[in-house]
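[1] Just need the structure, nothing else, for what follows:
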Amino acid sequence: MSDVGAAPELSRRLAEGMRRSVLSFPLTPFDEDGSFAPKAFEAHLEHQLAAAPGAVFVGCGTGEFFSLGLDEYETAVAAAVRRVSGAVPVIAGAGNGAPLAIEYARAARRAGADALLLLPPYLISGTQAGLVQHTRAVAEAAGLPLVVYQRAQAVYEPGTLARIAEIPGVIGFKDGIGDLDRMQRLVRAVPEDFLFFNGTPTAELQARSYAAIGVPAYSSAVHAFAPEIARAFFHALAEGDTGLTDALLDDFFIPWVQLRDRGPGYSVSLVKEVARTRSAVIGADVGPVRAPLSAPEPAHLEEAERLLQTGLELADRTTAKESR
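    This is a model prediction of the structure:
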């Protein structure tokens, strides 16, 4: 059975972090031979934490959960817990069918994670009743608070989410679809203290719209390679600095999305390769992606590096403002 006693306090901490900053989804570093690189991972986490994220979500989509074996997954979660050292919540991804999701969830608990992000079931689309049963099975066996993730084949109706919100230990919902009509109905179907955040592939593009329906919190893939840019946008949006938010959208985020959409898997591989170009700055080479992902085309990487420089120059406005 779930240890539901931890859920209210974790929910409070996570809500506080969401109000304060963007949510970090770090990369999982690999050596050139493809093995997990724990020292590089801790250095990468160091750079992530320096930007004061609201929480750290380890071993999720950006962290290549789909390619991690159970042992190295548990090692990675333990490394994150050790390095974060209670500064913010550490949430670990867990997915596939219920039996495998439960194995990963139990590994995350052994490693000291604070909560789980329940990734969509593998391959097939189930019924709404099946999604409830799947979530209940993982939540009851995991022993950790749980956030469900709407994306791909896991799409929730308001009544379904209302039933899931009643499952002990289930505390929140990440949206990766971007359907604002559906999101507004989901938000209104559950208690006010149920947590929501925008987790679309480049959440900054929808951040204003989500905030308008009561979901201002979001995760950022950009935070994995340029937390300076992610942090600058978050605070500019929160402070109503439309000049900076518009500039970042027009000159960095929108062109980034257009580039990201030019290659399969670029939502991870492009992020990781750009992070590698910053290894001297962030203190770690996060290494290559694992197959079936592959490195982006050289011309696309060059374009990404130009966008990065533009974004960093714009982010400097926030740094200069904060230092005054």
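[2] wait, doesn't residue 307 sit right on residue 258?
    No - in this structure residue 307 lies outside contact range of residue 258 using C-beta atoms under 8 Å: 9.8 Å. No exception for glycine: its C-beta is placed from N, CA and C like everyone else's.
[3] Specify which residue of those two has the higher count of neighbours.
    residue 307 (20 against 11; other C-beta atoms under 10 Å).
[4] The more buried one: what secondary structure?
    helix (DSSP: H, G, I helix; E, B strand; the rest coil).
[5] Any idea which helix or strand in this protein has the lowest mean pLDDT?
    helix 298-323 (a mean of 87; mean pLDDT, DSSP states H and E).
[6] so what secondary structure elements neighbour it?
    helix 227-238, helix 242-248, helix 254-260, helix 266-277 (3 or more C-beta pairs under 8 Å, 6 or more residues apart in numbering; DSSP states H and E).
[7] need the ones you listed in CSV with mean pLDDT and distance to residue 43, can you?
    Output for those, formatted as CSV (pLDDT from 0 to 100; distance: least, C-beta to C-beta, whole Å):
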stretch, mean pLDDT, distance to residue 43
helix 227-238, 97, 14
helix 242-248, 97, 27
helix 254-260, 98, 24
helix 266-277, 97, 11
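[8] closest to residue 207 out of the ones you listed?
    Between residue 207 and the helices and strands packed on helix 298-323, the shortest gap by C-beta to C-beta is with helix 227-238, which sits at 5.8 Å.
[9] buried sites along the closest one?
    Buried residues in helix 227-238, counted by 16 or more other C-beta atoms under 10 Å: 227-237.
[10] do stretch 173-189 as well
    173-176, 178, 180, 182-184, 186-187, 189.
[11] Contacts for it next, please.
    Stretch 173-189 has contacts (C-beta atoms under 8 Å, 6 or more residues apart in numbering) with 117, 147-152, 155-156, 158-159, 161-162, 165, 190, 194-201, 206, 209-210, 213-215, 219.
[12] which regions of the protein lie under the pLDDT threshold?
    1-4, 318-324 (pLDDT under 70).
[13] If we use 80, what do you get?
    Filtered on pLDDT under 80, the chain yields the residue ranges 1-5, 317-324.
[14] Can you name every helix or strand that the helix or strand hosting residue 149 contacts?
    Element membership of residue 149 [criterion: DSSP states H and E] is strand 146-150. Contact partners of strand 146-150 among helices and strands, from 3+ C-beta pairs under 8 Å, 6+ apart: strand 115-118, helix 128-142, strand 170-175.
[15] Now do the helix or strand following that strand against strand 170-175, angle only.
    Per DSSP H and E, the first helix or strand lying C-terminal to strand 146-150 is helix 158-165. Here helix 158-165 runs at an angle of 140 degrees relative to strand 170-175 (axes from the mean of the first three to the mean of the last three C-alpha atoms, to 10 degrees).
[16] Roughly how far does residue 174 sit from residue 277?
    28 Å (C-beta to C-beta, to the nearest Å).
[17] before we move on, what about residue 213?
    From residue 213 to residue 277 the distance is 37 Å (C-beta to C-beta).
[18] what do you get for residue 183?
    35 Å.
[19] same check, this time on residue 292
    Residue 292 is 23 Å from residue 277, by C-beta to C-beta.
[20] cool, and residue 201?
    21 Å.
[21] Residue 67 now?
    For residue 67 relative to residue 277 (C-beta to C-beta), the value is 22 Å.
[22] circling back: buried among the contacts of stretch 173-189? Need that as a selection in ChimeraX.
    Those of these that count as buried under 16+ other C-beta under 10 Å are selected in ChimeraX with:
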select :117,147,148,149,150,151,155,156,158,161,162,165,190,194,195,196,197,198,199,200,201,206,210,213,215,219
